[in-house]
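*Asks:* attaching a predicted model along with its sequence, questions to come.
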Amino acid sequence: MKLKDLKNRKVKYAKIGETNSDRCFIVKIAIIIIFFLLIVRMGYLQIYKGDEYKYKAENNRVKLVRVDALRGNIVDVNGEIVATNKIGYRLNYLNERKYDEKILKELSSLTGRTEEYIEKRIKYGEISMYTRENTIMEDLDEETAHKILERKNEFPYLSVETYFKRKYIEDESASHIIGYVKKISNKEYETLKDEGYEDRDVIGKEGIEKQYDSVLRGEKGFEYFEVNARSIAQKTIKTKPSEKGKDVHLTIDMRLQKYMENVFKERKLVGSMIALNPKNGKIITMVSYPTYPLNTFSSIISSELWNEILYDKRKPLTNKTISGEYPPGSVFKPFVAFSFLEAGLDPKEKFYDDGAYRIGEWQWRSWKRTGHGYVDLRKAIIESANVYFYRGAHQYGSDIIRKNVRNFGFGKLTGIDIPGEKSGLVPSPEWKKKRFKEGWYTGDTIIFAIGQGYMTATPLQVAQAYCILANEGYAYRPRLVDYISDENNKIEIEKEKTLEVKYPKEYYRLLKNAMIGVVEEKNGTGKVLRTEGLRIAAKSGSAQNSQSKETHAWVAGYFPTENPEIVFVVLLQGAGSGGAVAGSVAKAFVDEYLSLYKKK
């Protein structure tokens with residue numbers, strides 16, 4: 001285009017309005033609209049959303065810090081503390097499951113753990129569903145914790161949390177009674193959050209710690225701080241101190257508990273031993289051996305140790321006293337004897353025992369191959385003559401046995417005050433039909449009468465049944481807690497009569513006389529229990545064991561017979577003779593009890 005053409009070209013201007021006044025009007029309207037929108041927005045933020053943003057602003061200015069409560073102590077009957085608290089440190093990883101080689105090396109160097117261990121904890125550690133923190137170490141040592149806190153800026157992906165860590169004075173003693181605490185799981189939190197639990201709490205997992213968690217845990221406090229823009233505390237606005245949990249006082253005597261656990265350990269035995277006062281149900285000793293380490297279980301347990309315990313054939317995690325279900329063998333016979341007496345048996349009538357009971361081509365042998373000769377009820381108990389009970393079972397049938405042994409608590413929970421109890425089994429034709437699709441045979445009845453076959457019981461159930469013998473007709477709920485206390489109050493746990501049976505007094509006296517004979521007569525199977533100056537009533541027994549060639553060994557009884565203050569039961573897995581092996585363990589308890597309580 002030429003220069004002259006440019007000069008001659010007319011430029012057209014865009015117009016907002018036809019006149020200047022029109023254009024001014026449009027600009028004013030635009031300004032008014034903008035201001036209106038700003039006013040509406042301000043109104044929305046300050047009026048409609050005012051409370052919300054005020055709350056957020058206050059939360060930026062004010063910080064809430066929860067103050068954990070000290071967990072209550074667990075104390076034995078003599079005032080000896082068995083569980084208390086110390087300061088613990090928890091290491092949290094803030095990147096959930098993301099990591100790299102640099103982080104693994106840093107964490108390994110800091111904690112002294114291998115990179116493989118750290119990697120596994122990051123990959124499989126439990127992440128809080130609310131804070132998204134991944135707890136990789138619950139038992140961080142104090143020196144390492146302070147080192148990390150001092151160099152916090154170098155490790156923005158870590159936080160150290162202090163908490164009250166449980167301390168068990170005797171690490172492996174009474175572990176099945178006491179239980180342990182551990183961080184609440186996500187599943188537990190969802191169940192318990194409405195009861196005031198938080199997702200970082202530790203809670204009781206087994207034993208007394210679990211059963212009495214709501215009593216032991218106390219009440220958390222809090223502190224409100226005003227902070228600056230850097231979240232540094234400037235002043236305290238409001239505080240509420242935490243309240244320590246209540247102390248739980250056991251009925252257990254830890255002197256006897258540790259002594260008897262040592263007996264099991266030295267003799268390499270597996271099983272249970274329980275002793276309680278039949279007059280109130282207070283348990284003074286309850287051994288389940290082997291035990292397991294409580295302080296380790298309250299922290300992160302290594303996979304190697306966990307597998308070692310989990311696959312141990314002795315099953316150390318099982319509380320054998322309340323959860324072990326075993327055929328009771330001959331310690332069951334006194335209760336079968338009640339059934340025979342109810343059915344009309346004359347206890348003085350004698351039957352000849354040649355070593356076997358026969359029905360057609362079938363026969364059931366006695367433990368004594370040559371038999372026991374002429375036997376009445378008393379001799380059948382003293383010498384544990386199986387043939388006498390085979391004959392009675394065949395004559396009177398299984399229904400009357402089943403009915404009467406249930407009166408003594410077999411096949412039912414005792415209601416002991418820790419979780420995990422099992423009910424054992426009193427078998428019936430209906431149960432067998434459902435379980436095996438088979439009918440009930442005469443042979444089932446015959447071996448039922450000597451506590452074999454499908455019949456099972458826990459050592460605790462046997463102890464409760466012997467309490468009824470000792471008290472001549474009743475038993476109290478077995479319990480491990482005597483009372484609960486804080487600085488101002490003491491809450492007694494009342495004894496509770498849970499079983500009462502109506503049998504003639506002569507039945508109890510007849511059985512007591514026979515069980516004294518078990519200990520004191522030369523043919524008695526419990527001679528090892530003889531103790532100068534003390535009369536003991538007892539019954540020993542052996543029961544077939546599908547897990548071993550050796551039988552389970554039992555002994556149960558009470559003393560002193562004139563006014564019983566202790567009922568005891570010993571069950572040893574695959575140990576052989578009840579009278580000799582289980583009886584010697586019971587004798588060790590009797591001697592130590594008499595020594596400690598100055599009765600000897």
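*Replies:* Received the coordinates, thanks. Every value quoted in this text rests on a predicted model; they were computed, and no experiment measured them.

*Asks:* CA atoms for contacts and neighbours, from now on please.
*Replies:* Fine.

*Asks:* which of the helices or strands spans the residue nearest to Lys98 when sequence neighbours are not counted?
*Replies:* Take Lys98 and drop its neighbours on the chain: the residue closest to it by Cα to Cα, 6 or more residues apart in numbering is Ile122, 7.9 Å away. Ile122 belongs to helix 115-124 when assigned by DSSP states H and E.

*Asks:* list the helices and strands that helix packs on?
*Replies:* Packing contacts for helix 115-124, counted by 3 or more Cα pairs under 8 Å, 6 or more residues apart in numbering; DSSP states H and E, involve helix 101-111, strand 134-140.

*Asks:* list the buried residues for the next helix or strand after the shortest one?
*Replies:* Put plainly, it is strand 134-140. Under the assignment DSSP H and E, the closest C-terminal helix or strand after strand 134-140 is helix 142-150. For helix 142-150, burial by neighbour count (16 or more other Cα atoms under 10 Å) applies to 144-145, 148.

*Asks:* now do Arg406, the pLDDT please.
*Replies:* Note on Arg406: pLDDT of 97.

*Asks:* the host helix or strand of it - contacts with which helices or strands?
*Replies:* Using DSSP H and E, the element containing Arg406 is helix 398-407. Helix 398-407 makes packing contacts with helix 333-343 when contacts are defined by 3+ Cα pairs under 8 Å, 6+ apart.

*Asks:* any idea how far the most centrally placed residue in the chain lies from Arg132?
*Replies:* Geometric centre of the chain, nearest residue: Glu206, 2.4 Å, by Cα atoms, centre = their mean. Going from Glu206 to Arg132 by Cα to Cα, to the nearest Å gives 27 Å.

*Asks:* Asn319 is in contact with the residue nearest to the centre of the chain, correct?
*Replies:* No - in this structure Glu206 lies outside contact range of Asn319 using Cα atoms under 8 Å: 10.2 Å.

*Asks:* for these two, list the residues in contact with both.
*Replies:* His176 (Cα atoms under 8 Å, 6 or more residues apart in numbering).

*Asks:* in this structure, where's the longest helix?
*Replies:* helix 20-43 (DSSP state H).

*Asks:* what mean pLDDT does it have?
*Replies:* Across helix 20-43, pLDDT averages out at 76.

*Asks:* just give the number of residues close to the nearest residue to Ile184 once chain neighbours are set aside.
*Replies:* Among residues not flanking Ile184 along the chain, Val202 sits closest, at 5.3 Å (Cα to Cα, 6+ apart). Counted by other Cα atoms under 10 Å, the residues lying close to Val202 total 22.

*Asks:* same thing with Met42?
*Replies:* 14.

*Asks:* can you tell me how far it sits from Ile34?
*Replies:* The value you get for Met42 to Ile34, if Cα to Cα is used, is 12 Å.

*Asks:* residue contacts, the residue nearest to Ile184?
*Replies:* So Val202 contacts 181-184 (Cα under 8 Å, 6+ apart).

*Asks:* which strand residues bridge it?
*Replies:* Beta bridges link Val202 to Lys183 when assigned by DSSP bridges.

*Asks:* read off the pLDDT value for it.
*Replies:* In this prediction, Val202 has a pLDDT value of 87.

*Asks:* circling back: which one is the residue nearest to the centre of the chain nearest to, not counting chain neighbours?
*Replies:* Gly179 (4.3 Å).

*Asks:* what sits against the one you found?
*Replies:* Gly179 makes contacts with 204-210, 294, as judged by Cα under 8 Å, 6+ apart.

*Asks:* can you give me the pLDDT of it?
*Replies:* pLDDT at Gly179 comes out at 97.

*Asks:* next one: it from Glu349, what distance?
*Replies:* For Gly179, the distance to Glu349 (Cα to Cα) stands at 51 Å.

*Asks:* repeat for Lys368
*Replies:* From Lys368 across to Glu349, the span is 21 Å (Cα to Cα).

*Asks:* swap in Glu206?
*Replies:* Distance from Glu206 to Glu349, by Cα to Cα: 51 Å.

*Asks:* please tell me how far the residue nearest to Ile184 sits from Glu421.
*Replies:* Going from Val202 to Glu421 by Cα to Cα gives 23 Å.

*Asks:* same question, Ile446
*Replies:* Where Glu421 is concerned, Ile446 sits at a distance of 28 Å (Cα to Cα).
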